[in-house]
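K.L.:
okay, sequence plus prediction incoming.
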Number of protein chains: 2
Amino acid sequence: MPRVSAAYLAERRAHILEAAARCFAREGFHRATLQHIVREAGLSPGAIYRYFSSKEDIVAAIASERHAAERVLLRGTATERGALPGVAELARAFLGRLGRPAEREWRRVTVQLWSEALRSPRVMEVVRSGLDEPLRLVAARLRAGQRDGTIARDVDATATARVAAAVFEGLVLQQAWEPGLDVERFVRAAVRLLEGLAPAGRRRASARKRQARGAQE
Amino acid sequence: MPRVSAAYLAERRAHILEAAARCFAREGFHRATLQHIVREAGLSPGAIYRYFSSKEDIVAAIASERHAAERVLLRGTATERGALPGVAELARAFLGRLGRPAEREWRRVTVQLWSEALRSPRVMEVVRSGLDEPLRLVAARLRAGQRDGTIARDVDATATARVAAAVFEGLVLQQAWEPGLDVERFVRAAVRLLEGLAPAGRRRASARKRQARGAQE
DNA sequence: TTAAAGTGAACGAACATTCGCTTTTCATCA
DNA sequence: TGATGAAAAGCGAATGTTCGTTCACTTTAA
């Protein structure tokens, strides 16, 4: 297939990346050999080296893909319900989506990327910029909440956004370790924590509402 | 040095593990070669194979060591102030301790272990049991708080403990990526979130107290 | 003197990468 | 429209290296 369309090349590239991602999810970046990827993609080593200059390059490409996908997801969530949805809704939409079984592979690869970032400046770059945008977004929402009175003034928006990101990261980890984790319940608990950021007088209503449901175990 | 004391053997073993941990923190489990460890430890390959049966075995041993150290830390924190300190104090003590620069290497190795767990049942075993005990402990504290009225009834103790663990994991990750992270500020924000778990009428005092300090950035 | 502790050169398997060759597609022209 | 050539796409055995592991030998403490 020589001189093929750009679309063909793009599709093939994507096909290789998907095959590689499956291998990486299964065995990790270092244990997965090019032979495995070759087999999974149904190609030959030479073909793969037409699209990527090295195995490292494949890892970096996967990192970029994931990053782009997350950006899309985050922005979709962000504008889903108008300009500035509450942080709780943001959390529900974002965390909930990641809980779907189909994202299992994604989570395993993501955990690998987080650790790979420690040695690969290319991956670190992607991981960092993948964290920055959510941090800014959540901090902005929190500040908006402070302006309109739904969030207490004593909340440090920037730092709280970091904690929220940490909750997200921890959830991804725990799910990767324990696929059967009850994500719904985790998200409810996280949202309950966020509700505690409301100003002192404001919380009664929603707290009462949940009283019946609460105290599970 | 033949037929040496058990103490000598134990010390040597620990020495190798420390050298290996430094290599792993620097380059990751897979990039770090046995030659690196050999050089770092000032020994020969053969000597190392007297103490460990494989490289994998060294990784597993490091995982166990870390696990044991965390257990000690957790239990120390747990009983530091009597039987049942508040969750906030628990968070402050535990998160704060991990923020120290000296723990930098620990954090990098831990992140590697989390990803390694996905492929190594031995490591997964350690990671899981390292998570279980804190989960139980925090959940117990939360329930105690519910009994004595400092924590609202609608809080799901088990799930909230998981969220707290997630915050911890996320902090370790973010610090590994960004060693200059302001841990103090992160911890304050996390504690503020926990305070939101107080029953509706209870929070005014501490919230007012912090009003001046708040809204940084 | 003995047996464990330690040495380090050598081994062999695993693996990423290459390269000479084949196949396929498309542009051009009969 | 179909034949033809050129060059890209694909192939896969071969290559060279890296690295974990071993083992015959030396050193050392008891």
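P.N.:
Looks like it came in fine.
K.L.:
confidence score at the residue nearest to the spatial centre of chain A?
P.N.:
The centroid of chain A falls nearest to residue A:70 when counting by C-alpha atoms, centre = their mean (5.7 Å). Looking at residue A:70, its pLDDT reads 87.
K.L.:
just residue A:119 next, same as before
P.N.:
96.
K.L.:
can you name the residues that contact it?
P.N.:
Residue A:119 sits next to B:27, B:28, B:31 when contact means C-beta atoms under 8 Å, 6 or more residues apart in numbering or on different chains. Just so you know, the C-beta spots here come from the backbone N, C-alpha and C atoms, and that holds for glycine as well.
K.L.:
can you tell me the helix or strand for it?
P.N.:
Here residue A:119 is covered by no helix or strand, with elements defined by DSSP states H and E.
K.L.:
work out for me the element residue A:172 sits within.
P.N.:
Residue A:172 is part of helix A:157-177, with elements assigned from DSSP H and E.
K.L.:
quickly check: the helix or strand following that helix near chain B or not.
P.N.:
Using DSSP H and E, the helix or strand that follows helix A:157-177 in sequence is helix A:183-195. Yes. Residues of helix A:183-195 contacting chain B under C-beta under 8 Å from any C-beta of the partner chain: A:185, A:186, A:188, A:189, A:190, A:192, A:193, A:194, A:195.
K.L.:
what sits against the second one?
P.N.:
It stands for residue A:186. A:95, A:171, A:174, B:159, B:162, B:163, B:166.
K.L.:
before we move on, the earlier item: I'd like the residues of helix A:183-195 next to chain B as TSV, with pLDDT appended.
P.N.:
Output for the residues of helix A:183-195 next to chain B, formatted as TSV (pLDDT from 0 to 100):
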residue	pLDDT
A:185	96
A:186	96
A:188	94
A:189	96
A:190	95
A:192	94
A:193	94
A:194	93
A:195	91
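K.L.:
pull out the buried members of these.
P.N.:
Buried members of the residues of helix A:183-195 next to chain B, scored by 16 or more other C-beta atoms under 10 Å in any protein chain shown, are A:186, A:188, A:189, A:190, A:192, A:193, A:194, A:195.
K.L.:
so which of the residues you listed is the closest to DNA strand C?
P.N.:
Using C-beta to the nearest atom of the strand, residue A:186 comes nearest to DNA strand C of these, at 35.5 Å.
K.L.:
low-confidence ranges, chain A, go.
P.N.:
Along chain A, the parts satisfying pLDDT under 70 run over A:1-2, A:78-85, A:201-217.
K.L.:
what parts of it come near DNA strand C?
P.N.:
Where chain A comes near DNA strand C, counting by C-beta under 7 Å from any atom of the strand, the residues are A:1-5, A:31-35, A:45-46, A:49, A:53-56.
K.L.:
isn't residue A:71 right up against residue A:131?
P.N.:
No. With contact defined as C-beta atoms under 8 Å, residue A:71 does not count as touching residue A:131 (11.7 Å).
K.L.:
ok, for residue A:63, nearest residue in space, not its chain neighbours?
P.N.:
Spatial nearest neighbour of residue A:63, chain neighbours left out: residue A:126 (4.2 Å); criterion: C-beta to C-beta, 6 or more residues apart in numbering or on different chains.
K.L.:
that neighbour - how many residues pack around it?
P.N.:
Residue A:126: 22 surrounding residues under other C-beta atoms under 10 Å in any protein chain shown.
K.L.:
which stretches of chain A form helices?
P.N.:
A:6-27, A:34-41, A:45-51, A:55-79, A:87-98, A:104-116, A:121-147, A:157-177, A:183-195, A:204-211 (DSSP state H).
K.L.:
and the shortest one, which residues are buried?
P.N.:
So that's helix A:45-51. Applying 16+ other C-beta under 10 Å to helix A:45-51 flags A:48, A:51 as buried.
K.L.:
distance of residue A:10 from residue A:61?
P.N.:
Residue A:10 sits 12 Å away from residue A:61, going by C-beta to C-beta, to the nearest Å.
K.L.:
same deal with residue A:145?
P.N.:
38 Å.
K.L.:
out of these two, which sits in the more crowded spot?
P.N.:
When neighbours are counted by other C-beta under 10 Å, residue A:145 comes out ahead of the other of residue A:145 and residue A:61, with 22 against 19.
K.L.:
residue A:157 is in contact with residue A:146, isn't it?
P.N.:
Yes. Using C-beta under 8 Å, residue A:157 is in contact with residue A:146, at 7.0 Å.
K.L.:
which one's more surrounded, these two?
P.N.:
residue A:157 (24 against 19).
K.L.:
any idea what sits nearest that one, other than its immediate chain neighbours?
P.N.:
Per C-beta to C-beta, 6+ apart, closest to residue A:157 is residue A:142, 3.9 Å.
K.L.:
contacts only, for the one you found.
P.N.:
Listed by C-beta under 8 Å, 6+ apart, the contact set of residue A:142 reads A:87, A:151, A:155, A:157, A:160, A:161, A:197.
K.L.:
how many other residues sit next to the last one?
P.N.:
The number of residues packed around residue A:197, counting by other C-beta under 10 Å, is 25.
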